[in-house]
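Q: No letters, just coordinates:
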Ligand SMILES: [Zn+2]
Ligand SMILES: [Zn+2]
């Protein structure tokens with residue numbers, strides 16, 4: 001069944017006006033996504049005829065855009081992904097933890113997406129694995145599924161990862177399963193503190209290696225002292 005309104009309908013109705021209103025602020029990749037979504041499964045992308053050699057029945061099918069941002073093209077991929085993750089589920093309760101980048105770092109992430117999003121995943125998983133392995137907490141090796149969201153519900157840039165972990169794990173010697181307490185996996189405060197420490201250390205290391213780019217109003221952060229000063233509110237947080 002066709003949903004009543006699709007993103008493509010909105011783009012087709014209001015896309016041109018939006019592009020005019022934001023001229024100069026939309027990147028080429030963003031414009032390409034809009035055009036792919038607008039043209040997906042329309043005559044603009046051409047089509048092909050599917051025919052049955054036995055009964056002679058035929059139909060015209062328009063080509064899909066296959067853009068990774070297109071909701072229509074990714075719907076099937078999302079369903080497959082979900083079914084595969086469901087097959088991975090263990091007969092245990094699951095916990096949901098969210099790791100968020102503070103606003104000061106979100107700005108840096110916006111200009112260094114691949115590097116900083118990668119760091120976000122690394123720091124989040126390292127935090128979960130370290131605290132779970134600690135005998136004071138669970139004392140086990142856990143499994144993790146993590147998903148990156150770069151936008152918050154207010155539709156502003158707000159990078160965070162959702163982490164789903166089973167309520168238990170394997171003992172260090174691999175011999176048996178340890179269950180966590182039913183309503184509790186790991187203390188959020190401890191997780192937050194270690195995450196911040198790991199993330200900042202890795203971010204500063206990237207800066208020292210000269211791998212971060214700074215543009216526009218953030219150009220001054222290329223200088224080491226300005227960069228550290230910018231991060232001070234995050235470093236001081238406890
Ligand atoms: Zn598409
Ligand atoms: Zn989210």
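A: Happy to help now that I have it. Because the structure is predicted, anything quoted here is derived from the model rather than measured. Ligands and ions are numbered 1, 2, ... in the order given.

Q: Count the neighbours of residue 101 for me.
A: Burial of residue 101, expressed as a neighbour count using other CB atoms under 10 Å, amounts to 25. For glycine as for every other residue, the C-beta is placed from the backbone atoms N, C-alpha and C.

Q: Output the contacting helices and strands for the top strand by length along the chain.
A: Of all segments of type strand in the chain, defined using DSSP state E, the longest is strand 157-166. Packing partners of strand 157-166 (3 or more CB pairs under 8 Å, 6 or more residues apart in numbering; DSSP states H and E): strand 94-100, helix 103-111, helix 113-133, strand 145-151.

Q: so which of those comes closest to ligand 1?
A: Nearest to ligand 1 among those is strand 145-151; the distance by CB to the ion comes to 19.6 Å.

Q: before we move on, the earlier item: of all the helices and strands packed on strand 157-166, which one is nearest residue 81?
A: Comparing the helices and strands packed on strand 157-166 against residue 81 with CB to CB, the closest turns out to be strand 145-151 (9.7 Å).

Q: which of the residues in that closest one are buried?
A: Buried residues in strand 145-151, counted by 16 or more other CB atoms under 10 Å: residue 146.

Q: rewinding a little: could you spell out the sheet neighbours of the longest strand of the chain, each with its direction?
A: Looking at strand 157-166 with DSSP bridges, its partner strands are strand 94-100 (antiparallel), strand 145-151 (antiparallel).

Q: Turn those into TSV, including distance to residue 115.
A: Formatted as TSV, the strands paired with strand 157-166 follow (distance: least, CB to CB, whole Å):
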stretch	distance to residue 115
strand 94-100	16
strand 145-151	13
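
Q: wait, which of the ones you listed is closest to residue 9?
A: Closest approach to residue 9 among the strands paired with strand 157-166 is made by strand 145-151 (20.5 Å; CB to CB).
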